[in-house]
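Novice: Have a look at this prediction, sequence included:
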Amino acid sequence: MNILLIPIAPLSRTKSRLKKCFSKEQLKDLTIAMFKDLAAKLTKVNCFDHIIVYCNSPEILQLTNSYGLIGIKEQLTTPRKSFDQVISDLNQIAIDKYKATSTVFTFLDTVLISVQNFYDIYKLIQDHQLVLCPAISSAGISVFGRNPPHTLHTFFSNNTIPSLLAMYNAAKQENLKIAIYDSFRAGFDIDIKQDLVLAYHYLKIFGLEDTETHNFLKTHLNLTTIRKNLKDNRKLTIR
């Protein structure tokens, strides 16, 4: 069984790094908008045996059912589990309950990801033990797959080394067969303030103006980006 897994943080603490940009209710609305867009794409993805959404929030789980996906309620703990532990728990559920032989994890904020990206990653995981899609600007991971599911643990909670570098280095030490999926659309995610502005423009560039996420940003985003130094187009400032 090839399983696609989507862990989503509770709406009460979603996208906390963006709390200076939007109110708490707006962050919830942004999360729901991103989920609707992702779920709509996944209704056109038929290569996985199951697609599972893992979240504690009833709003997300109800939407999950309406899109014909499998929703599993995450049981929250005190203290909070690390993100690596959440991934491990969901991975184990896929193995125990759904007999997963390979698992692919994708995340809510990859707002440009396409249906074709999922088929590409599915194909790669058939022939590799580990598939990594690098996040565009953070040395993080936007999508990853493991075959079998327990091939290698994750490093999202590592405080010293970015998750992509840590996981890649560990995989090399284990002599795993690795595929790096090079995709701008699958690798772009919304994590910090600058990403919001870029997402608004990229959604238009890729013809995704009718999405829930673009409509939200068009209505609520009060930021723009300009070049800070005319001699260096990598230095941007947000206003």
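Specialist: Alright, I've got the coordinates.

Novice: ok, now which ones touch the residue nearest the centre of the chain?
Specialist: For the chain, the residue nearest the mean C-alpha position is residue 107 (1.7 Å; C-alpha atoms, centre = their mean). Residue 107 sits next to 6, 7, 142, 143, 189 when contact means C-beta atoms under 8 Å, 6 or more residues apart in numbering. Heads up, the C-betas are built off the backbone N, CA and C, glycines and all.

Novice: Inside strands: which ones of those residues?
Specialist: Judged by DSSP state E, strands contain the following of these: 6, 7, 142, 143.

Novice: quick one: which helix or strand includes the nearest residue to the last one once chain neighbours are set aside?
Specialist: Same thing as residue 143. In this structure, residue 143 finds its nearest non-sequential neighbour in residue 133, 4.0 Å apart by C-beta to C-beta, 6 or more residues apart in numbering. Per DSSP states H and E: residue 133 is located in strand 130-134.

Novice: in that strand, what's buried?
Specialist: For strand 130-134, a neighbour-count test (16 or more other C-beta atoms under 10 Å) marks 130, 131, 132, 133, 134 as buried.

Novice: export the residues you listed to TSV and tack on pLDDT and distance to residue 11?
Specialist: Output for the buried residues of strand 130-134, formatted as TSV (pLDDT from 0 to 100; distance: C-beta to C-beta, whole Å):
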residue	pLDDT	distance to residue 11
130	98	31
131	98	29
132	98	28
133	98	26
134	98	28
